[in-house]
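1. just a sequence and a predicted model for now, questions to come.
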Amino acid sequence: MSEANQNLAELARKKRHLHLIEKIQAGKALTKQEITELEQFETEPLPATIVKTVEEVAKVMGVTYRTVQRWKLDGMPSTKEGFYDLEEINSWHVQRSQRFKEQDGRAYWDEKISQYKAELLRLEVKKATSEVILYREHVEIIREQVRGIKMGFLRLPHYIAPKLYQQEPKVICEILDNEIRSIINQFAGAYNADKTDKGKSKDH
């Protein structure tokens, strides 16, 4: 067989392989013959630069599995068969890294300023619809919470000591757990109640 005919035969095999994969992806059932064909395609040796799994990409590129998963979300190339060409991935990675370096310029800061303005606008809308409270009010509420929780924990030893006398370790743990949760929930509830009251006062 001439080289031209070999190339045509290889092209036909690749098209057939791709057709079977697309059929599976479309949710169509394969015949027994097609399954056998697909198994033959899958067991054929791949070119040295082609790997089948994300794990193999991670190993060759010297990164973690999660990193490659993020790369996929960012547009990391793959073959039509769902495999990975390491040469293409390396080229894509170099170009991507270069883009990140170029972001240190004016375009990067223009984008950051736009994001900042958009965030300010979002907060203004929330404020107008009573979804957020003023920063000063929020700080004061947090301070009151901290002071209250601090006082609750300071009085806890004097209050709890008689209850723990001659108790089993398991019972002591349960008592302490209940008292600590009570202190935390008490002030968490006060914070939520404060927000509710402020919302009601605005309605009147």
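-> The structure has been received and is ready for your questions.

2. which residues touch R155?
-> Under the criterion of CB atoms under 8 Å, 6 or more residues apart in numbering, R155 has no neighbours. Backbone N, C-alpha and C define where each C-beta goes, glycine included.

3. scratch that, T49
-> T49 is in contact with D85, L86, E87, counting by CB under 8 Å, 6+ apart.

4. just those now: which is nearest I160?
-> Closest approach to I160 among the contacts of T49 (CB to CB): L86, at 63.4 Å.

5. check the gap between that closest one and K150 for me.
-> 58 Å (CB to CB, to the nearest Å).

6. before we move on, what about I35?
-> I35 is 69 Å from K150, by CB to CB.

7. quick revisit: select from the contacts of T49 the one having the most neighbours.
-> D85 (18 neighbours; other CB atoms under 10 Å).

8. ok, it - contacts?
-> Residues near D85 by CB under 8 Å, 6+ apart: T49, I50, P77, S78, T79.

9. secondary structure class for the fourth one?
-> Looking back up the chat, that one is S78. Following DSSP: H, G, I helix; E, B strand; the rest coil, S78 is assigned to coil.

10. these two touch, right, it and L86?
-> No. Contact criterion CB atoms under 8 Å: S78 and L86 do not qualify, at 11.2 Å.

11. overlap in contacts, the two.
-> In contact with both S78 and L86: no residue, using CB under 8 Å, 6+ apart.

12. all helices for this protein, in order.
-> Ranges of helices within the chain are 3-25, 32-43, 54-61, 65-73, 86-102, 106-128, 135-164, 169-203, based on DSSP state H.

13. which one of the ones you listed has the poorest average confidence?
-> Sorting the helices of the chain by mean pLDDT places helix 106-128 lowest, at a mean of 63.

14. got the domain boundaries for this protein?
-> Per automatic domain parsing, the domain ranges recorded for the chain read 1-44, 133-199.

15. thought G152 was touching I183?
-> Yes. With contact defined as CB under 8 Å, G152 reaches I183; the gap is 3.9 Å.

16. what about V94, how many neighbours?
-> 10.

17. er, K23 actually
-> Every residue meeting other CB under 10 Å relative to K23 is counted, giving 14.

18. excluding its backbone neighbours, what's nearest it?
-> In this structure, K23 finds its nearest non-sequential neighbour in L30, 6.5 Å apart by CB to CB, 6 or more residues apart in numbering.

19. which residues does that neighbour contact?
-> L20, K23, I24, L38.

20. possible to save those as JSON lines with distance to D177?
-> Formatted as JSON lines, the contacts of L30 follow (distance: CB to CB, whole Å):
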{"residue": "L20", "distance to D177": "59"}
{"residue": "K23", "distance to D177": "58"}
{"residue": "I24", "distance to D177": "53"}
{"residue": "L38", "distance to D177": "58"}
